[in-house]
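[1] could you work out the structure for the sequence below:
(chains A and B)
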Amino acid sequence: MRLVLSTAAAADCTLDELLAACARRGLAGLELVSGHGHGIGPALDPVRLEEHRLRAEGRGIPIVAFRAADRTEAYSPAAARLSAALRAPIIAPRDGDRPPEEALLAAAATYAHAGGTLLLEHGSDPAEVARLRHAVERAPARALALAWDVDPAAGDVSGAAASVLEVAGPSLRHIRLLGGGPEAAQHEGRGIGALMARLTLRGYDGALALAPSTPRYRIAWSAWLGRSGGWGCGSKAADPSLVRLDRALT
Amino acid sequence: MSETQKQPAELDVRVIPPREKHPAIFQTFAALQPGEAFILVNDHDPVPLRHQFSFEYPDRFGWEYLEQGPDVWRVRISKR
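    I've put the predicted structure just below:
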């Protein structure tokens, strides 16, 4: 398993700043989120994409996934080409309803043609996982896989872990843990320890991305990533949340 | 498959709440077969854990540092 950082934890940072933060925290990769300060997305030209990919790999912190803004972006041919260029899968976020079967299979064909992989994000409901796994198995090889969005705030995850891992099987390629990092201590009794042990015993070798559970913890994440006072991601004057903190302390 | 043929799985405890770390580690160790191992990943040198292993499983575990800081410690813990 590779512990990686989601750019949701530092949305305004450039790629170089994110790589520095990962190195500082011993994190082994990056989950990019669409629209953040890293500037990488489906519209970026292939030469720049290749530069970014190689720079990240050169630092030993590869880009392990790109989380699209929505299904429309994730299913697009441009996103499929982005996946191939980054050599990393694109995550289609959950939009609350079932993805239409026809659109999903069309996206799978697009990804297969481009040489990319689309990850279908799911929660902790085994029925949802089973339905998406069925789609994965109907798609061309390596075009689709699964990504689990784990939210400990929604309840104890240890109960769901066994069935989710069983149903997802080897299709599970990516896990997104909401509330890791500086929030970890607050998740006592939510089954994170049992989940991690289970992942180890099953030999899970995919990524586990740390993301904030809510933007309210922005300052805590900034401090955890070593951004105190700013090391390049804007300034205190440009960051209202830090200005508010300064005032509260004086 | 013997441990020499198989890459041990990693247990990264940096995301686990402090009071749940040792139970998760011992749960993982308990599930190993003799000759199997896992790699513990932590953000500090787990010296107290090693003492606890020595007390709970004297002469029945292996402890090999693969990486020793300054940000990440990786220890290969095997069952004899």
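
[2] what's the neighbour count on residue 23?
    I went with chain A, as the question did not name one. Neighbourhood size, A:Ala23 [other CB atoms under 10 Å in any protein chain shown]: 14. All C-beta atoms are positioned from the backbone trio N, CA, C, and that covers glycine.

[3] looking at chain B here, not the other one
    For B:Pro23, the count of nearby residues is 13 (other CB under 10 Å).

[4] how about A:Ser76?
    So A:Ser76, with other CB under 10 Å, has 16 neighbours.

[5] got a list of contacts for the helix ranked longest in chain B?
    When chain B is parsed with DSSP state H, its longest helix is helix B:18-31. Here helix B:18-31 makes contact (CB atoms under 8 Å, 6 or more residues apart in numbering or on different chains) with A:185, A:188, A:192-194, A:196-197, A:200-201, B:11, B:13, B:16, B:38, B:40, B:49, B:52-53, B:56-57, B:61, B:77, B:79.

[6] how about the residues of chain B by chain A?
    Within chain B, the residues that sit near chain A (CB under 8 Å from any CB of the partner chain) are B:9-21, B:23-25, B:27-28, B:31, B:38, B:41, B:43, B:71-72.

[7] which of the contacts of helix B:18-31 are buried?
    A:192-194, A:196-197, A:200-201, B:11, B:13, B:16, B:38, B:40, B:49, B:53, B:61, B:77, B:79 (16 or more other CB atoms under 10 Å in any protein chain shown).

[8] could you list the low-confidence segments of chain A?
    A:227-250 (pLDDT under 70).

[9] what residues does chain A have near chain B?
    Within chain A, the positions near chain B by CB under 8 Å from any CB are A:1, A:3, A:23-26, A:177, A:180-181, A:184-190, A:192-194, A:196-197, A:199-205, A:208, A:210.

[10] now, which of the residues you listed lie within strands?
    Secondary structure from DSSP state E places A:3, A:177, A:208, A:210 of the residues of chain A next to chain B in strands.

[11] helices along chain A, start to end?
    A:15-25, A:46-58, A:71-74, A:77-86, A:101-114, A:126-138, A:158-168, A:192-201, A:218-224, A:240-249.

[12] and the gap between A:Ala65 and chain B?
    Noted for A:Ala65: a distance of 17 Å to chain B, by CB to the nearest CB, to the nearest Å.

[13] contacts only, for the nearest residue to that residue once chain neighbours are set aside.
    Using CB to CB, 6 or more residues apart in numbering or on different chains and skipping residues adjacent in sequence, the residue nearest A:Ala65 is A:Glu31, 4.8 Å away. Going by CB under 8 Å, 6+ apart, A:Glu31 touches A:4-7, A:64-67, A:91, A:174, A:176, A:207, A:209, A:211.

[14] at 6 Å instead, please
    Shown in contact with A:Glu31 (CB atoms under 6 Å, 6 or more residues apart in numbering or on different chains): A:4, A:6, A:65, A:209.

[15] B:Leu40 now?
    B:Leu40 sits next to B:11, B:75, B:77 when contact means CB under 6 Å, 6+ apart.

[16] which residue is the nearest non-sequential neighbour of the first one?
    The shortest distance from B:Leu11 to any non-neighbouring residue, by CB to CB, 6+ apart, is to A:Thr200 (4.2 Å).

[17] okay but the one you found is in contact with B:Asp12, surely?
    No: using CB atoms under 6 Å, A:Thr200 makes no contact with B:Asp12, being 8.5 Å away.

[18] before we move on, back to that, need the contacts of A:Glu31 in TSV (columns: neighbour count and distance to A:His38).
    Output for the contacts of A:Glu31, formatted as TSV (neighbours: other CB atoms under 10 Å in any protein chain shown; distance: CB to CB, whole Å):
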residue	neighbour count	distance to A:His38
A:Val4	25	14
A:Ser6	25	11
A:Ala65	26	13
A:Ala209	31	14
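
[19] A:Leu146: which of these is nearest?
    Using CB to CB, A:Ala65 is the member of those that lies nearest A:Leu146, at 12.0 Å.

[20] I'd assumed A:Arg87 was in contact with that closest one.
    No: assessed by CB under 6 Å, A:Ala65 is found out of contact with A:Arg87, at 10.9 Å.
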